[in-house]
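In: next one to model:
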Amino acid sequence: MGEPMFEITDQPLSLEPLVNAVKRSSSGAVATFLGVVREQTRGRQVRYLEYEAYREMAIPKMREIVEEIHQKWKVDEVAMMHRIGHLQVGEASVAIAVSAPHRHEALAACAYAIDRLKEIVPIWKKEVWTDGEEWVGPGTCEHH
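Out: Numbering: from 1, shown residues only. This is a model prediction of the structure:
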């Protein structure tokens, strides 16, 4: 096994480095997730997002998520990156890759990873709309 990839960065994200980090000879599937800044949130026009993270705690929390995944599914590797700073509509904010012998495990673990990341990793975003702004933190996923 290689060294898992967990990163908080101010650089643009790409799935390719994560896919390369998780692929193993035992992997029959690599599932990925790329979160992208959308133009509308809760019916409001988004101008941009601003992300901040508590790095010293974010990486250990990402590792905790991977431990949970390994307890639930037979996966090979997991990699996660989250971008911080000023992001425009269309830019990627989070990238995840999960490799596993079979697609069902890879897909399930990838979905779990993004849900848990939004729940427990100390990353905050300021949503800046055309008519205001608001900070949103862990555990405040609008989908749930």
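
In: roughly how far does the residue sitting nearest the centre point of the chain sit from residue 37?
Out: By CA atoms, centre = their mean, the chain has its centre lying nearest to residue 94, at 3.9 Å. According to CB to CB, to the nearest Å, residue 94 stands 10 Å off from residue 37. (Each C-beta comes from the backbone N, C-alpha and C, glycine too.)

In: where does the chain dip in pLDDT?
Out: Within the chain, the stretches with pLDDT under 70 are 1-3, 140-144.

In: so where do the strands sit in it?
Out: With DSSP state E as the criterion, the chain has strands at 6-9, 29-36, 40-41, 44-53, 77-83, 85-88, 92-100, 123-129, 132-136.

In: to residue 65, which of those lies closest?
Out: Nearest to residue 65, of all those, is strand 77-83, at 7.5 Å by CB to CB.

In: and the contacts of the closest one?
Out: 1-2, 4-13, 17-18, 21-24, 27, 51, 53, 58, 62, 65-66, 69, 91-99, 109, 113, 117, 121, 123 (CB atoms under 8 Å, 6 or more residues apart in numbering).
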